[in-house]
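Peer 1: what shape does this take:
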Amino acid sequence: MSRKIGALAVGRFMFGAALLGVMWLIWSAGYANKQFLAGNITEIANELNRFAGDFSQTFFMVQLAIVLLLTPIFVAGSVFEERETRSGEVLLTTDLTRREVFYGKFLARVVQVIMVVAAGMPILALTLLWGGVAIHFVVIGYVATFCCIFSSGAVAASVAGGSETLREAILKAYGYILVFDGLILPASPFLLVPLLRVDFGGALCVGVIFVVVQLLVTILSLGYGLRWLRLAMLRQRRRVTADLAAQMARRKPPVAEEDPLVWKERYVAGENEIVATMSFTMSALTVGVVGIFALVAPFPTGWVAMGVVPTALAAAAVLVGLGAAGAIARERQKNTLGDLFMLPGGRTDILRAKLQGAIWRGRSPLAAVGVLLLLAIPAGTPLAAVPLLALAAAAFLLFAAALGIWLSIRCRTALNANAAWMGFIALFLIGTYLVADASAVRVPIPNTASGRSGQQFRREYPAWSRVLNPVMAWQELAMTPEETGVPTANPVPWRMRVLPHRPPRDLVPAAGGVVLYGAAAGALWLLARRRFEREGRDE
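Peer 2: Okay, the predicted model is just below:
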């Protein structure tokens, strides 16, 4: 009753259609240009086997990424929907036990995610017709996927009870998932799937560790979440302890008469003190460690601008985008939107305050991005690239915030807005990269330039990929020299430090992408304002 059947049907259809698109892109990227469609039947069978193997591996990698991104939103949102609508308090007064309520909410959302994932089974079954994919690869791949669904959902359910907002719960869940499924390599599904294709024995050893870790994470997370279910369902989440009372009684800055909405977003609707402290600590620690390595470690040229800064910018964009996506929808769910209309200012002022509040809550990672851009200069990034990267970061961040504000107005709940934001960003980045990879051509590199024996090739992506894909545009604007393996400790000519020898036309597509995202952010902002103002006239 809490989810629409039509929305799940559309989700299953879109997931299956996306997988069919991935199949076509892989074929176009590596097999469409080969002349083997007629001739030796053995050669044809071998090529089809390789294509089926490549597609099945990419299939599971993309599926795992989508599962780990969307499952926490669905599961944590089930708790916050009950909290915002106060229906959780009604559930606690029924004859249902606490265990029945908790596992009912958890399993219902997990089954919905599994139903969406099951839509890809017929697509993957097509590869069995071409050979090259063993049945144990498919079975173990789906076992790993289902384990990730249960573990990530359990983590989201456990952190939802101790979180103040849906955005806070999602970000905490992503942090734990990054540790369990990314940093602990023997327990990472992204290591298990590629290893399963090349070394079945080694994959079994890794699979045992993977299952044990996922099982422990699921059991411990479910136990913790069940313990704190009662406070998770109530509007008053935490007991008023002495420390909490002191924090609530702490004097806040005086309300600014000219802009009380912004004051409210900063000091009332913002993140709690613990989250702000953790965000500042992590940002400061990242800047400190990167600064030390940038000055003394002989890492490859441009490693800060090419790897560290995009990661920090992605974290800031997720923080700001999810905060903006739940801004208006959360007020609508709590029936507090009418109270905002009583404050001085119109609907546009409310939207502007929500946007500023989302950016304010991401101030620590944003400041870290600015400092990391400066540290990229001693790490080998040309000086001329820093202002271009700063403009690109501002454009991408404003687009993420404007998209979140627009979705917050279009969607009725914060859960739908957050899921739509994360799903659109993930599918757009993956989709544009796969299309660009399918359209790439192999360009020979002269032996004199490569310094290696034999003919060398490099993949040249089409110009539009640097316009649409922010990651590829960032890599171009970083102006990293071709010799990325040269340590920064080696002497680099001063001219290359300021402006490397690169034709200006190479930067035009990436610069056009920055302008495009800036214009898209402005367009989304105008659409959000018009939609919000029209709601006021209709009421």
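Peer 1: could you list the buried residues of stretch 384-396?
Peer 2: The neighbour-count check on stretch 384-396 (16 or more other C-beta atoms under 10 Å) flags Ala385, Val386, Leu388, Leu389, Ala392, Ala393, Ala394, Ala395, Phe396 as buried. From N, CA and C alone the C-beta is placed, and that goes for glycine too.
Peer 1: how close does the second one sit to Leu48?
Peer 2: According to C-beta to C-beta, to the nearest Å, Val386 and Leu48 sit 48 Å apart.
Peer 1: now swap in the first one and tell me
Peer 2: Ala385 sits 44 Å away from Leu48, taking C-beta to C-beta as the criterion.
Peer 1: please apply the same query to the fourth one.
Peer 2: Relative to Leu48, Leu389 is positioned 43 Å away (criterion: C-beta to C-beta).
Peer 1: quick one: residues contacting Leu215.
Peer 2: Applying C-beta atoms under 8 Å, 6 or more residues apart in numbering, we find Leu215 in contact with Cys147.
Peer 1: immediately after the helix or strand containing Leu389, which helix or strand?
Peer 2: Using DSSP states H and E, Leu389 sits in helix 385-410. Downstream of helix 385-410, the next assigned helix or strand under DSSP H and E is helix 414-439.
Peer 1: give the other helices and strands that the helix or strand just after that following helix contacts.
Peer 2: Going down the chain from helix 414-439, the next helix or strand is strand 441-445, by DSSP H and E. When contacts are defined as 3 or more C-beta pairs under 8 Å, 6 or more residues apart in numbering; DSSP states H and E, strand 441-445 sits against strand 456-460.
Peer 1: who's in contact with the helix or strand just after the strand it packs on?
Peer 2: Moving toward the C-terminus from strand 456-460, the next helix or strand (DSSP H and E) is helix 465-468. Around helix 465-468, the neighbours that count as contacts under C-beta under 8 Å, 6+ apart are 432-433, 435-436, 439, 472-473, 476, 509-510, 512-513, 516.
Peer 1: quick one: mean pLDDT over the helix holding Leu389.
Peer 2: For helix 385-410, the mean per-residue pLDDT is 92.
Peer 1: and the lengthiest helix in the chain with helix 414-439, angle?
Peer 2: Counting residues, the longest helix in the chain under DSSP state H turns out to be helix 41-84. Calculated by axes from the mean of the first three to the mean of the last three C-alpha atoms, to 10 degrees, helix 41-84 forms an angle of 160 degrees with helix 414-439.
Peer 1: packing partners of the helix or strand hosting Val289?
Peer 2: Counting by DSSP H and E, the element that carries Val289 is helix 273-296. The criterion is 3+ C-beta pairs under 8 Å, 6+ apart, and the helices and strands that helix 273-296 contacts are helix 309-325, helix 363-375.
Peer 1: can you give me the buried ones in it?
Peer 2: Buried, per 16+ other C-beta under 10 Å, within helix 273-296: Val275, Ser279, Met282, Ser283, Thr286, Val287, Val290, Gly291, Phe293, Ala294.
Peer 1: with stretch 185-205 instead?
Peer 2: Buried, per 16+ other C-beta under 10 Å, within stretch 185-205: Ala187, Ser188, Pro189, Phe190, Leu191, Leu192, Val193, Leu195, Leu196, Arg197, Ala203.
Peer 1: okay, the last one: pLDDT?
Peer 2: Right, the one you point to is Ala203. Confidence score, pLDDT, at Ala203: 83.
Peer 1: check the third one too.
Peer 2: pLDDT recorded at Pro189 is 89.
Peer 1: contacts only, for it.
Peer 2: Listed by C-beta under 8 Å, 6+ apart, the contact set of Pro189 reads Leu64, Ala144, Thr145, Cys147, Cys148, Asp181, Phe210.
Peer 1: make it 7 Å
Peer 2: Leu64, Ala144, Cys148, Asp181, Phe210 (C-beta atoms under 7 Å, 6 or more residues apart in numbering).
Peer 1: quick one: contacts for the third one?
Peer 2: I take that to be Cys148. Here Cys148 is in contact with Leu64, Val67, Leu68, Asp181, Pro189 (C-beta under 7 Å, 6+ apart).
Peer 1: in which helix or strand does it reside?
Peer 2: Assigned by DSSP H and E, Cys148 falls in helix 135-160.
Peer 1: past that helix, which element shows up next along the chain?
Peer 2: Immediately after helix 135-160, counting by DSSP H and E, sits helix 166-178.
Peer 1: any idea of the angle the following helix or strand past that following helix forms with helix 41-84?
Peer 2: Once helix 166-178 ends, the next helix or strand along the chain (criterion: DSSP H and E) is helix 189-198. Orientation check (the same axes, to 10 degrees): helix 189-198 against helix 41-84 gives 160 degrees.
Peer 1: next, the angle helix 135-160 makes with helix 189-198.
Peer 2: Computed by the same axes, to 10 degrees, the angle separating helix 189-198 from helix 135-160 equals 180 degrees.
Peer 1: tabulate the CA atom coordinates of helix 189-198 in CSV.
Peer 2: Provided in CSV are the C-alpha atoms of helix 189-198 (Å, rounded to 0.1, in the frame of the first residue of the first chain):
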residue,chain,number,x,y,z
PRO,A,189,31.6,-7.9,-5.2
PHE,A,190,33.5,-5.8,-7.7
LEU,A,191,36.5,-8.1,-7.1
LEU,A,192,34.5,-11.3,-7.0
VAL,A,193,32.8,-10.9,-10.4
PRO,A,194,35.9,-10.2,-12.6
LEU,A,195,37.9,-12.9,-10.8
LEU,A,196,35.0,-15.4,-11.3
ARG,A,197,35.4,-15.1,-15.0
VAL,A,198,39.2,-15.8,-15.2
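Peer 1: can you give me how far it is from the chain middle?
Peer 2: Here helix 189-198 is found 22 Å from its chain centre; the criterion is C-alpha atoms, centre = their mean, to the nearest Å.
Peer 1: hmm, back to that, what does the helix holding Val289 contact?
Peer 2: The contact list for helix 273-296, computed with C-beta under 7 Å, 6+ apart, reads 168, 247, 299, 304, 308, 312, 364-365, 367-368, 371-372, 375, 378-379.
Peer 1: quick check: angle from the helix holding Leu389 to helix 363-375?
Peer 2: Using the same axes, to 10 degrees: helix 385-410 against helix 363-375 is 160 degrees.
Peer 1: same for helix 385-410, what does it pack against?
Peer 2: helix 309-325, helix 327-333, helix 347-361, helix 363-375, helix 414-439, helix 470-477, helix 508-538 (3 or more C-beta pairs under 7 Å, 6 or more residues apart in numbering; DSSP states H and E).
Peer 1: make CSV out of those and add distance to Arg12.
Peer 2: Output for the helices and strands packed on helix 385-410, formatted as CSV (distance: least, C-beta to C-beta, whole Å):
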stretch, distance to Arg12
helix 309-325, 23
helix 327-333, 24
helix 347-361, 31
helix 363-375, 35
helix 414-439, 13
helix 470-477, 28
helix 508-538, 27
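Peer 1: to Val133, which of those lies closest?
Peer 2: Nearest to Val133, of all those, is helix 414-439, at 19.6 Å by C-beta to C-beta.
Peer 1: next, count neighbours for Thr93.
Peer 2: Using other C-beta atoms under 10 Å, Thr93 has 7 neighbouring residues.
Peer 1: and it, how far from Ser78?
Peer 2: 19 Å.
Peer 1: repeat that for Ala519.
Peer 2: 37 Å.
Peer 1: higher neighbour count, those two?
Peer 2: The neighbour count for Ala519 versus Ser78, taken as other C-beta under 10 Å, is higher for Ser78 (25 against 12).
Peer 1: and the more buried one, what pLDDT?
Peer 2: Ser78 carries a pLDDT score of 79 in this model.
Peer 1: that one touches Val111, doesn't it?
Peer 2: No - judged on C-beta atoms under 7 Å, Ser78 makes no contact with Val111 at a distance of 11.7 Å.
Peer 1: save the buried residues of stretch 185-205 as TSV, and put in distance to Ala417 too.
Peer 2: As requested, these are exported to TSV (distance: C-beta to C-beta, whole Å):
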residue	distance to Ala417
Ala187	32
Ser188	30
Pro189	28
Phe190	28
Leu191	33
Leu192	33
Val193	31
Leu195	37
Leu196	37
Arg197	38
Ala203	39
